[in-house]
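[1] no FASTA, just this:
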């Protein structure tokens with residue numbers, strides 16, 4: 001069975017499903033390209049307000065396919081470099097996508113599968129889900145932005161344990177640490193992620209886009225630079241039609257209906 005990324009729509013949410021069940025939804029280059037294309041389509045569609053990424057069946061993703069990696073050792077280094085560039089293009093597309101992206105994680109999120117979840121804006125995970133950066137277990141180093149994402153979110157010593165030691169960490173512990181947003185019953189992560197998505201769908205898309213852009217800029221910006229960016233976004237959003245809708249609805253104690 002060919003690895004693929006399935007795309008469906010539920011209401012105002014696009015659901016992208018990692019489908020490679022024979023290999024526990026291991027990632028593949030065709031998925032990366034499909035992911036970038038799907039986000040491009042979603043960005044240009046006013047009908048799509050959020051995106052959920054999940055895995056088919058009881059596993060989110062086992063990460064890289066070790067058989068493919070072993071075969072690539074017999075190829076020129078450029079072959080693996082191009083594959084990783086494809087993954088990184090998808091990771092960057094998720095981070096810069098102007099709409100919220102939610103990971104719904106069942107079972108295991110390993111290696112690049114963990115990296116993919118970390119690239120999302122929010123994570124809903126089953127209470128028995130396990131996350132592991134298994135790269136060092138097979139003498140490899142991380143990809144997919146894992147070392148960046150974890151270093152932004154967690155203390156260095158814990159990141160060292162996860163990356164160097166390849167230690168497994170559960171959803172409950174990541175929830176305590178603020179990496180996982182919601183813990184769900186096994187089998188319920190997609191439903192909970194869609195519920196969370198619908199909550200975000202009711203908010204002004206332009207405001208959420210500004211918030212995501214400001215969050216992306218924050219780590220590398222000085223305070224004066226970031227304050228100026230916050231000012232510019234605030235003024236732009238105040239003069240957007242949705243601010244008039246939102247303020248009027250709040251004052252009238254009615255739910256807003258944003259454009």
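    Thanks, I have the structure now. Note that the structure is predicted; figures quoted are calculated from it, not measured.

[2] hey, let's count contacts and neighbours off CA atoms from now on
    OK.

[3] quick one, strands of the stretch 51-200 of the chain?
    Per DSSP state E, counting those that start in this stretch, the stretch 51-200 of the chain carries strands over the ranges 101-105, 108-110, 122-126, 130-132, 168-170, 182-184.

[4] ranking these by burial, who's on top?
    Counting by mean count of other Cα atoms under 10 Å, strand 101-105 has the highest mean neighbour count of the strands of the stretch 51-200 of the chain, with a mean of 29.

[5] Can you show me the helices along the stretch 1-150 of the chain?
    In the stretch 1-150 of the chain, the helices defined using DSSP state H, counting those that start in this stretch lie at 29-44, 66-72, 77-96, 112-119, 146-153.

[6] re earlier: using JSON lines, lay out the strands of the stretch 51-200 of the chain together with mean pLDDT.
    Formatted as JSON lines, these follow (pLDDT from 0 to 100):
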{"stretch": "strand 101-105", "mean pLDDT": "98"}
{"stretch": "strand 108-110", "mean pLDDT": "98"}
{"stretch": "strand 122-126", "mean pLDDT": "98"}
{"stretch": "strand 130-132", "mean pLDDT": "98"}
{"stretch": "strand 168-170", "mean pLDDT": "98"}
{"stretch": "strand 182-184", "mean pLDDT": "98"}
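
[7] can you list those strands in a markdown table and add distance to residue 221?
    Below are those laid out as a markdown table (distance: least, Cα to Cα, whole Å):
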| stretch | distance to residue 221 |
| --- | --- |
| strand 101-105 | 23 |
| strand 108-110 | 31 |
| strand 122-126 | 22 |
| strand 130-132 | 30 |
| strand 168-170 | 31 |
| strand 182-184 | 29 |
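
[8] before we move on, the earlier item: buried deepest among the helices of the stretch 1-150 of the chain, which one?
    helix 112-119 (a mean of 26).

[9] now the angle between strand 122-126 and that helix, please.
    Relative orientation of helix 112-119 versus strand 122-126 (axes from the mean of the first three to the mean of the last three Cα atoms, to 10 degrees): 130 degrees.

[10] From the rest of the structure, what touches helix 112-119?
    If you take Cα atoms under 8 Å, 6 or more residues apart in numbering as the criterion, helix 112-119 is touched by 26-27, 60-64, 91, 94-95, 103, 105, 109, 123, 131-133, 142-146, 149-150.

[11] rerun that using 7 Å as the cut-off
    Identification of contacts with helix 112-119 by Cα atoms under 7 Å, 6 or more residues apart in numbering yields 61-64, 91, 94-95, 103, 123, 131-133, 143-146, 149.

[12] coming back round to it: looking at the strands of the stretch 51-200 of the chain, which is nearest to residue 44?
    Relative to residue 44, the nearest member of these by Cα to Cα is strand 101-105, separated by 15.1 Å.

[13] just checking, what packs against that closest one?
    strand 50-55, strand 122-126, helix 189-201 (3 or more Cα pairs under 7 Å, 6 or more residues apart in numbering; DSSP states H and E).

[14] what does that strand contact?
    Here strand 101-105 has contacts from 50-54, 60, 117, 120-126, 129, 189-190, 193, using Cα under 7 Å, 6+ apart.

[15] do the same with stretch 220-238
    With contacts defined as Cα under 7 Å, 6+ apart, stretch 220-238 is touched by 207, 210, 218, 243.

[16] at 10 Å what do you get?
    Residues outside stretch 220-238 that contact it (Cα atoms under 10 Å, 6 or more residues apart in numbering): 204, 206-207, 209-211, 213-215, 217-219, 240, 243-244, 247.

[17] Pull out the buried members of these.
    The neighbour count (16 or more other Cα atoms under 10 Å) marks 204, 206, 207, 209, 210, 211, 213, 214, 243 as buried among the contacts of stretch 220-238.

[18] which one of the residues you listed is nearest residue 40?
    Once Cα to Cα is applied, the member of the buried ones among the contacts of stretch 220-238 that ends up nearest residue 40 is residue 209, at 14.8 Å.
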